[in-house]
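>>> Everything below, folded, please.
(chains A, B and C)
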Amino acid sequence: MSERKTGVYLCSGCGIGEAVPMAALEGVARTEYKLEPKTHACLCGDEGVEMIRADIAAGVNQVVVAACSARVMTDRFAFEPVLTLRADLREKVIWSHPAGDEDTAALAEDSLRMALAAAPKVKFPEPWIEGDYSQRIAVLGGGVTGLNAAREAAALGHDVLLIERSDRLGGRARDASLRLPHRPPYDKPEANHIEDLVAAVTAEPRIVVRLGATVTRTGGMPGKFAVTLSDGSVEDVGAIVIATGWRPYDAGKLGHLGYGVPGVVTNVQFEAMLKAGAPKAASGKPVKSVAFVQCAGSRDPEHLPYCSSTCCATSLKQALELLQADPAANCYVLYEELRTPGVAEELYRAAQRAGVIFIKGKVKGVDADLTVHVADALVQQDVPLKGLDMVVLATGMVPNSTDPDAAPVEYGADLLKGDVDPEAAIKVAGFCGEAPAAPERRAQAVPPGGPLLNLQYRQGPHLPVLHDGFADSHYICFPYETRRTGIYTCGPVRRPMDWAEAEEDAQGAVLKAVQAVRAAAAGSALHPRVGDLSFPKIGLNQCTKCRRCTVECPFGAIDEDEKEYPQVNPTRCRRCGTCMGACPVRTISFDNYSVEYLTTQIKAVKIPDEFSGKPRILVIACENDAVPALDQAGIKRNSWSAHVRVLPVRCLGSVSLLCISDALSVGYDGVMLMGCKPGDDYQCHFVKGSAMAAERLSKVGETLKSMMLEPERVVQVDASIADADRLPGVIDGFVEQIMGIGFNPFKGF
Amino acid sequence: MSKTLSYYPGCSSQATGVHLDKSLRAVLGKVGIECREIEDWNCCGASVGHICAGHVPVAALSGRNLAQARAAGPEDVMTPCAACYLNTHATNEAIRDNPGVAADVNEALGAAGKSYDGSLLVRHACEVLVNDVGVAAIQAQVTRPLAGLKVAGWVGCQTVRPFADTERGGKWTTYDDPAFLDDFTRAAGAEPVPFTGKTRCCGGSVAVISPDKTLHLMKDILDEAKAAGAEVISTPCPLCQTNLEMYQPAVNERFGTDFNIPVVFYSQLLAVAMGLDASADAGLDQHLITPEPVLSRAK
Amino acid sequence: MSHVPTPTQTYDLSFARWVYGHVDGGDRLALCMQCGTCSGSCPLGPQMDFGPRKLFMMIRAGLKDQVLGSNTIWNCVSCYNCVVRCPRQVPVKHILQSLATVAVREGYPGARETDNARFAKAFWWSAAKYGRTDERLVTAKFYFSYGLSKGYRKSMANLAIAKGMVKARRMHLGLPHKCKNAGELKLILARAAEIEARHGDAS
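Numbering: from 1, shown residues only, chains lettered A, B, ... in the order given. Sure thing, here's the model as predicted:
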């Protein structure tokens, strides 16, 4: 970069000029940072923007805009490739604090100082673009979901590699009779038509189908995946959509519901009978009296703890198919809670109308003559259900998150060099005291079977799964995500769902895959930092090979080279900075984001001495939810203590403990980390970032005690996007608590 | 305004609800509604007729009334009695909507050379007062407002359920919180007290058959009215009025209470407020618990 | 009325299907989803052997004798709370009262002897004979349906009320009110009874 020439622009519009003295702000730039500022009454207007553009034409190569929040007017203040830093004077200053107040003025000045101090520490990022990128999308699984995904991807102009384990396309739908209703009025089973879908996919020239194939190895990164198939061929793809579907829960474990007794079948078996024609009883006659037992092995802590959401509707469909053939048939649905979400309610009503009898109660046993004993909760007595000629167990869906036919590969196998457990508690260097026990986690067991993709990632061959075996994902904001960038799940492998939902799911996942291949080729990040061109750079001369970055990366983006130095796979990276926060020697940084960038801002704030009676509190706020919530609080004119300075960060995971120790040593009286909820039901946009922050923070207490500081001075709080009304009170409560403890004795040290 | 309607007074108009019929006719006269009584009307079957007779004979009862009304003209049929309204309206709608019922009823009517085509609309008198006359026009006739009189407006069941909120029922009020009775109270210059039990059931015919089963229902209504400070309870339903009035001694005996709250018809309050005669027009002298003292205090 | 089937085991659906097809409102009974809004809305729910919700499930379970022998079907006060509140538009009131009719016809022990059945008989007698109902005659007939001595006790117990009503000119002692053309009504009702019987036989 040539000589840095920073232009400073202050906006006095939106009431800023009336609320705080602009002359004092100008003075900060002029005297403290030796930069001549320009003030405009409407900086985001054409005139203001033209003024900045003219300066850039005249040689300014970095811009500091002190105006509104960095979250608004981003298109007006975009001067790429000139980097723009933003100082918020509006939402978190004059809209949330009283006008004409000296504390508000001090807050505005510090906001400007933080931007001006940070400016020399960052530059416009140069993207990582190297070699060839594939725009092709691999789809794993040729059932309903995979077929739809392949067709969607092809329709979007991408070549598709469709990999199917069996020797035919169509998946389970091939063995199914009719499908659940998916068109208004949603009240009757509809034709299956899977052959049409298979034919459409087969006829599409962009789709290459590989039947009888599994993936034995997947290396690389988005845009550059190398997928090895079971026949040894290697295919280049840019992104991977996993549509491996489901398998029924093992009915062999359902002896208590009569499985094993002749005439007791699973819903999958019954479906095949319906497809083959009228289901026959053991006597050889068409079945006349059928009991459908819901939640067979579902919502049961001994079996599948979750609801598969489709079994109830499927039983209704099967009963209706039976009644269509024989209106005098007796169909009983034995349920504990019937679940017919959304339009499936119409099917429920149709089944009632057709005369299906719904009996609420637990099944206590099934006799050899197919008498089902039910604790009937509605007539409040135990009743025997006699004269049945078939009992259908509505078994749930087990996600094919693994390949049930392949040998299991566990973490710690040779491949992994045996020493990294991504779920283990992490020791934090540089701080004394024993690491506390790892927080209690629900079982994270990988379901039986081998890894689907056999990922050649340092963190292991599997997609990380949640406790129930479904791929870990930020379910609320990024549903198709897995914790491996560029790899997306859809259909029942993601969560239990029916055919119509799987169709939609396939579309969603394909759109994410398309984004992934296109962003990878442009060197750009995916959400939530869409368009960010920065990527982590590791100063290997300082690296101690501690592997903390490798382990903590929520997305497995960092591998190790043959000398065991960390090696970043940039297109796997989501730019959260968790590696940066983890690095004990602080040698990981981005062009536009670094530990120094943060600590410089922390230190730029003027700390009044204790005799002023004014504390300084640092709120390190996650820019995903906490910062927008605070902006929203400002928009709503909610107010909080003017003694607080807000430092936006990419993710709490990127906060190095150095930020906290620096803050305390320069005299801040308290530090609050404000970010997304960690834990099993996390809200962190980077999955693990806020959990890592909490983990690191749990070790800070001892350090603070050794510094003779109260551990209560540093806290982490959860914030959600909807917290605009709650957060001001949370902040003020913390300020009050700190004032109860007293001023930081290190002030002015 | 001036409007003529077919009028079906119902059996109670000649007995327990004679003061409803009397006072309503007086009030309707004041607001310009002329009642043309259905020629030689018969019982509607109330809520017990079908138990012995079944549905076709009960429908035939209303069928004859409707045939008589239709023969006199196409005007809407109005009735002040909740049960008469329910049965006649329901039968009329069934004749319109259900060809089987229409055929059955007409076959039965045919035995007397009559028939009915379902072309009428059966309406409750309160709905006519709300939708056709309007509360403002009622209030305009009030010359002696019952200032200060605290009234609990108790609608009961069948006046509003199940037809009040239906298209053909007039869409004139809700099932669970009907406002019209309090509006009538205000029009009479009196003060409605807050009363959540507006549509509580007194027990209906079961109260007549087996009072023991339903005394607690009446106690709940009386309790709330008393707690709300009501001096009088106003109702549109003849059976409600009779039940709640005649069983107060039984309620007192069973529960050790001392209720003695007059129960009147909304039309009696309106008649008095319109300056009509308290006895000859409003029938205030036809009560087991006389409302005259509290009403004269208000005047 | 056609033969009412008697189930041979629990959830033998013969009775339920008969009710669906023959009872007033029964066609919507299949849609009952057992939410219990009816039972919760019923003013006399606590006095019933069981609420309408459970009664409907018992119909499905084939518990015919318990259903037709229950006091539930005799305790409906026709308040229509259940009817307007049922999320599935099941006409609960119609079904209960229609089942009461069935219980009488099927000769269920006690059904004819219930207070309601006695009163209904007295009521219909008055309505059919005179074309109008007369409270004095109906109650007298009702009371004396219990026999002379019990009827006398019942009427004496209500003597105060009756006296009050007479005094208030809301009950009269002369000849009953009647239709002028009671004969015409008689013809109509006789034909209606034939139709009713015909329906019962056909179905």
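>>> Tell me how chain A divides into domains.
Domain assignment for chain A, taken from automatic domain parsing, gives A:1-124, A:137-245+A:401-522, A:251-399, A:594-749.
>>> ugh, wrong one, chain B
According to automatic domain parsing, chain B comprises the domains B:3-124, B:143-298.
>>> just so I know, which of the domains of chain A lies nearest chain C?
domain A:251-399 (4.1 Å; CB to the nearest CB). Quick note: C-beta positions are derived from backbone N, CA and C, even for glycine.
>>> is the closest one up against chain C anywhere?
Yes. Judged by CB under 8 Å from any CB of the partner chain, domain A:251-399 comes into contact with chain C through A:330, A:332, A:348-349, A:352-353, A:355, A:357-360, A:376, A:378-380, A:383-387.
>>> Now intersect the residues you listed with the helices, please.
Among the residues of domain A:251-399 next to chain C, the members found in helices (DSSP state H) are A:348, A:349, A:352, A:353.
>>> if we take these, which one ends up nearest to residue B:58?
residue A:353 (28.1 Å; CB to CB).
>>> Spell out, range by range, the strands that occur in the stretch 1-150 of chain A.
Taking DSSP state E, counting those that start in this stretch as the test, the strands found in the stretch 1-150 of chain A are A:6-11, A:37-40, A:62-67, A:83-88, A:137-140.
>>> Reformat the ones you listed as CSV; add mean neighbour count.
Converted to CSV, those look like this (neighbours: other CB atoms under 10 Å in any protein chain shown):
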stretch, mean neighbour count
strand A:6-11, 23
strand A:37-40, 18
strand A:62-67, 25
strand A:83-88, 23
strand A:137-140, 32
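>>> any chance of those in TSV, plus mean pLDDT and distance to chain B?
Below are the strands of the stretch 1-150 of chain A laid out as TSV (pLDDT from 0 to 100; distance: least, CB to the nearest CB, whole Å):
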stretch	mean pLDDT	distance to chain B
strand A:6-11	98	55
strand A:37-40	97	59
strand A:62-67	98	53
strand A:83-88	97	50
strand A:137-140	98	54
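>>> and residue C:170, which of those is closest to it?
Among the strands of the stretch 1-150 of chain A, the nearest to residue C:170 by CB to CB is strand A:83-88 (81.0 Å).
>>> what are the bridge partners for the nearest residue to residue B:132 once chain neighbours are set aside, then?
Leaving aside its sequence neighbours, residue B:132 sits nearest to residue B:3 (CB to CB, 6 or more residues apart in numbering or on different chains; 6.5 Å). Applying DSSP bridges to residue B:3 gives these bridge partners: residue B:33.
>>> For residue B:123, see how far away residue B:3 is.
12 Å (CB to CB, to the nearest Å).
>>> Show me which of the two is the more surrounded one.
residue B:123 (24 against 15; other CB atoms under 10 Å in any protein chain shown).
>>> Which pLDDT value belongs to the more buried one?
If you check residue B:123, the pLDDT there is 98.
>>> Now the one helix or strand in chain C whose mean pLDDT sits lowest: buried residues?
In chain C, no helix or strand scores lower on mean pLDDT, DSSP states H and E than helix C:148-157, which sits at a mean of 81. Applying a neighbour-count criterion of 16 or more other CB atoms under 10 Å in any protein chain shown, one finds C:151, C:154, C:155 buried in helix C:148-157.
>>> Output the contacting helices and strands for that helix.
Packing partners of helix C:148-157 (3 or more CB pairs under 8 Å, 6 or more residues apart in numbering or on different chains; DSSP states H and E): helix C:135-144.
>>> need the contact list for residue C:143.
Contacts for residue C:143 (CB atoms under 8 Å, 6 or more residues apart in numbering or on different chains) come out as C:150, C:151, C:152, C:154, C:155, C:158.
>>> All good on my end, thank you.
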